[in-house]
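[1] no sequence on hand, only this structure:
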């Protein structure tokens, strides 16, 4: 009979201190913080393995906070264990990955998740410093973009108590004794519908979508109101072919797949290229990533990106002859 495995070798992690975004929010203003520690207190929201849970109160009038993911998952993505924001800039993972051109290599399904986690843990043990291995050479323009939009001052708004759901329904009768002290109607801005797994993997994050959209608009890449427009135009290209443009685009936007691109047309005389995407959502995401990285580099030269223009509406009309004999179109 084979020997029974040690519990700490079959997918359970223990830690002495959480990985937190110290510059931002989680610990509060008081430097002397009391924190409770419970080994194997809960399962990680990403890898579903038991891990050490830390719980604390950031300050007076704030809600209790705790770690949501294990230290291994936090190291893999370089995020805070509580808010799942980037440790360096305090921004959503989707914003950071778009600016740095990072590809999400971590599996999101349970089939390969455990194997992937164990492989990374082995690499961290061999390195000795416990650093993340889901990293790449940072894009200089993307780094500057992240520095410009990152918060420089602590932001404690996230530590506020949750809104009382009974008050929203008009049924709260506890008054001052209500543990949910925020008696207010939530603002419907679409940012409340965040899923923890989507925030961690950097996909379908409404907060990241808002940040990237605002940055794209500031760079002149505001998406046209006409939803039929799915074309991006690349200006200032060197002498190249459509294969060069395709390779550069796939490298800059690693989330794209070959089936996402409908056509690529290079106009050598004008040093530009027209890329038509299959869907509008894919075109918008590519535009956000390209604006975050300051354009796209093709054959050693950085090209500017703009949206294509909607086609002018075709006016149906009948031809009438005026007094001067000039033919004009009249709308019907």
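    Arrived safely, thanks for sending. For clarity, every value in this text was computed on a predicted model and none was experimentally measured. Residues are numbered from 1 along each chain as shown.
[2] all contacts plus neighbour counts: C-alpha atoms, from now on.
    Fine.
[3] ok, residue 304 - how many residues close by?
    Each residue near residue 304 was counted by other Cα atoms under 10 Å, and the total is 17.
[4] in a helix, it, correct?
    No - counting by DSSP: H, G, I helix; E, B strand; the rest coil, residue 304 is not part of a helix but strand.
[5] which stretches of the stretch 151-300 of the chain form helices?
    Taking DSSP state H, counting those that start in this stretch to define them, one finds helices in the stretch 151-300 of the chain at 165-169, 196-201, 206-218, 242-252, 280-292.
[6] buried sites along the shortest one?
    So that's helix 165-169. By neighbour count on 16 or more other Cα atoms under 10 Å, the buried set for helix 165-169 is 165, 167.
[7] residue ranges with poor pLDDT in the stretch 151-300 of the chain?
    Regions of the stretch 151-300 of the chain meeting the criterion pLDDT under 70 cover residues 154-156, 179-181, 188-192.
[8] do that again at 80, thanks
    Under the criterion of pLDDT under 80, the regions of the stretch 151-300 of the chain flagged as low confidence span 151-194.
[9] now for the residue nearest to residue 229 when sequence neighbours are not counted: which residues touch it?
    On the basis of Cα to Cα, 6 or more residues apart in numbering, the spatially nearest residue to residue 229 that is not a chain neighbour turns out to be residue 310, at 5.9 Å. Going by Cα atoms under 8 Å, 6 or more residues apart in numbering, residue 310 touches 224, 226, 228, 229.
[10] work out for me the element residue 310 sits within.
    Secondary structure assignment for residue 310, by DSSP states H and E: no helix or strand.
[11] how close does it sit to residue 214?
    As defined by Cα to Cα, to the nearest Å, residue 310 lies at a distance of 21 Å from residue 214.
[12] kindly list the longest strand within the protein.
    If you go by DSSP state E, the chain has its longest strand at strand 35-43.
[13] OK, contacts around residue 57?
    Residues in contact with residue 57 (Cα under 8 Å, 6+ apart) are 27, 33, 34, 35, 63, 64, 65.
[14] now, those that are in strands?
    Restricting the contacts of residue 57 to those inside strands, with DSSP E as the criterion, leaves 35, 65.
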